[in-house]
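J.: Quick check, what structure comes out for this input:
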Amino acid sequence: MSNWFLLLCQFSVIGFALVAGVFLAFSDFLMRSLSKADGHGGVETMQIINREVFRVVFMALFLGLVPVSAALTAYAIVVLSGFDSVLITLSGLTYVVGTFGVTVVFNVPLNEKLAPLDHSLPETERFWRHTYLPRWTFWNSVRTVASAMSSLLLLLGLT
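T.: Residues are numbered from 1 along each chain as shown. Here you go, the predicted model:
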């Protein structure tokens, strides 16, 4: 295993874990807290969060780990062999499919449906409580597990 690949793996273990931690915070207490906000406060706050997430370091890390995962996977398939190769390949694929893919297919469309809604309307409150909160939180929990598994699989592949 080359030095650059080892450094990339170490960065990725930490990166996957950091992404998992952010997602865990949302699934564990942020979404529950937003659901308890009176009236339309939770909707309005989530709309703001969904706009602000594009301006922070998190998005660079979240998106940057996609090509990194592809590089890890390709290197593991082409250069490595044995069980290490399998674990590192699974790590990269788990992040791309279980974290990034789930985000694109499930969480982002829900965010896009929420974005233009008037948070003071009863229809918005119904969508928030009966559709957005349960579905978004479920898929966010899937992203949490996938990111954590990516970190764990990569760590095991390195050891």
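J.: use CA for all of it now, contacts and neighbours both
T.: Noted.
J.: Please enumerate the helices of this structure.
T.: Assigned by DSSP state H, the helices in the chain fall at 3-25, 31-36, 41-52, 57-78, 82-93, 102, 108-114, 122-127, 133-158.
J.: Now do the second one, average pLDDT.
T.: When pLDDT is averaged over helix 31-36, the result is 95.
J.: Show me which positions of it end up buried.
T.: 31, 34-35 (16 or more other C-alpha atoms under 10 Å).
J.: And for the longest one?
T.: For helix 133-158, the buried set under the neighbour-count rule, 16+ other C-alpha under 10 Å, comprises 133, 135-137, 139-155, 157-158.
J.: ok, now the first one?
T.: Across helix 3-25, burial judged by 16+ other C-alpha under 10 Å covers 9, 12-13, 15-21, 23-24.
J.: go on, stretch 98-107?
T.: Buried-residue list, stretch 98-107, by 16+ other C-alpha under 10 Å: 98-100, 102-103, 107.
J.: What is the end-to-end distance of it?
T.: By C-alpha to C-alpha, to the nearest Å, the extent of stretch 98-107 from end to end equals 12 Å.
J.: now it, how far from the centre of its chain.
T.: Put simply, stretch 98-107 sits 7 Å off its chain's centre (C-alpha atoms, centre = their mean, to the nearest Å).
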